[in-house]
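Q: sequence-free structure coming up:
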């Protein structure tokens, strides 16, 4: 054999060996065909294939994938709702039948994504069309569950699974947003007015209760003070009477005229007038005739007090 022929044989063998091995990355499954017909799937790692005949048709990723989309829906009361959503999906599993569906159901990934997005949009629109605009904002979870329930069977036939649908933004047209803001503002004003009225009612009620309690306490205190003052005056008078009675007995025992007690009390009173008057003008008759008249009046009062009860009658 000539050297050229030997070289050709060696190159062919090496090329055959090189084409017999194929490397598949982690998270990916390769689909091979023989003469255009499905042959088998190749798992991640180093795999052997038939050189020149068996070809790698497509590599399918089994990792989670995401996609953002925005669309519009109309509620039952004709309000336009704008959605911004994020799709999270993946291949259903790594079984051979599932990988065949993923590889051969659609021409390419762009066509699959178009079908998936339009299916999600249609499901959301069908759900929103049965709801009012006031209900949409609180139905995020219900919308996601309704979409997954409708699409799970269809996606399973395509070899995919919808993991999650996140509705990031739900907005209305500018005019609707303004009207909703006015409604919220009016409700807030109404609540504020009600709260302010309740607070004012409570404040005035508490003030009235406090004023009533104050009047009640003041009246009770005044009553107690008047009672104590009366008791004090009565006790004072009793003590004065006891003192005068004792002084009168001592005067009688000493054979003195008891009218001297009255005279002494009169002079003490005049003295107190002068000491405690604090600038007030007090007119007293200081003449001899005035003193004699006063003494006669006091002696006459004393004699009247000494007349027996039966004689007074």
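A: Sure thing, it's come through. The structure displayed is predicted, hence computed values, not measured ones.

Q: Please make it C-alpha for all contacts and neighbour counts, starting now.
A: OK.

Q: any low-confidence regions in the stretch 101-250 of the chain?
A: 175-177, 179-181, 237, 240-241, 244-245, 247-248 (pLDDT under 70).

Q: burial measure for residue 165, as a count.
A: Residue 165 has 22 neighbours, counted by other C-alpha atoms under 10 Å.

Q: I should have written residue 159 there, sorry.
A: If you count neighbours by other C-alpha under 10 Å, residue 159 ends up with 22.

Q: now residue 46
A: The number of residues packed near residue 46 is 11, by other C-alpha under 10 Å.

Q: mind listing what the helix or strand where it lies pairs with, with the direction of each?
A: Using DSSP states H and E, residue 46 sits within strand 45-48. Under the criterion DSSP bridges, strand 45-48 sits next to strand 21-24 (antiparallel) in its sheet.

Q: any idea which helix or strand comes after the partner strand?
A: Counting by DSSP H and E, the element after strand 21-24 in chain order, helix or strand, is strand 28-34.

Q: show me the contacts for residue 54.
A: 32-35, 39 (C-alpha atoms under 8 Å, 6 or more residues apart in numbering).

Q: How about the backbone phi and psi for it?
A: Main-chain torsions, residue 54, degrees, to the nearest 10: phi -90, psi 130.

Q: For it, give the beta-bridge partners.
A: Under DSSP bridges, the beta-bridge partners of residue 54 are residue 34.

Q: Please apply the same query to residue 162.
A: Beta-bridge partners of residue 162, counted by DSSP bridges, are residue 89.

Q: Give me the neighbour count for it.
A: Using other C-alpha under 10 Å: residue 162 sits among 22 other residues.

Q: who wins for most neighbours among the contacts of residue 54?
A: Busiest of the contacts of residue 54 [other C-alpha under 10 Å] is residue 32, holding 21 neighbours.

Q: so what's the residue lying closest to it once chain neighbours are set aside up against?
A: Nearest non-adjacent residue to residue 32, counting by C-alpha to C-alpha, 6 or more residues apart in numbering: residue 56, 4.3 Å away. Residues counted as contacts of residue 56 (C-alpha under 8 Å, 6+ apart) are 30-33.

Q: which residues in the protein form helices?
A: 3-20, 96-104, 109-128, 133-136, 140-158, 174-253, 259-276, 288-306, 309-312 (DSSP state H).

Q: hang on, the earlier thing: give me the contact list for the strand holding residue 46.
A: 20-26.

Q: quick revisit: need the helices of the chain in JSON lines (columns: distance to residue 72).
A: Output for these, formatted as JSON lines (distance: least, C-alpha to C-alpha, whole Å):
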{"stretch": "helix 3-20", "distance to residue 72": "51"}
{"stretch": "helix 96-104", "distance to residue 72": "29"}
{"stretch": "helix 109-128", "distance to residue 72": "8"}
{"stretch": "helix 133-136", "distance to residue 72": "13"}
{"stretch": "helix 140-158", "distance to residue 72": "14"}
{"stretch": "helix 174-253", "distance to residue 72": "14"}
{"stretch": "helix 259-276", "distance to residue 72": "100"}
{"stretch": "helix 288-306", "distance to residue 72": "116"}
{"stretch": "helix 309-312", "distance to residue 72": "117"}
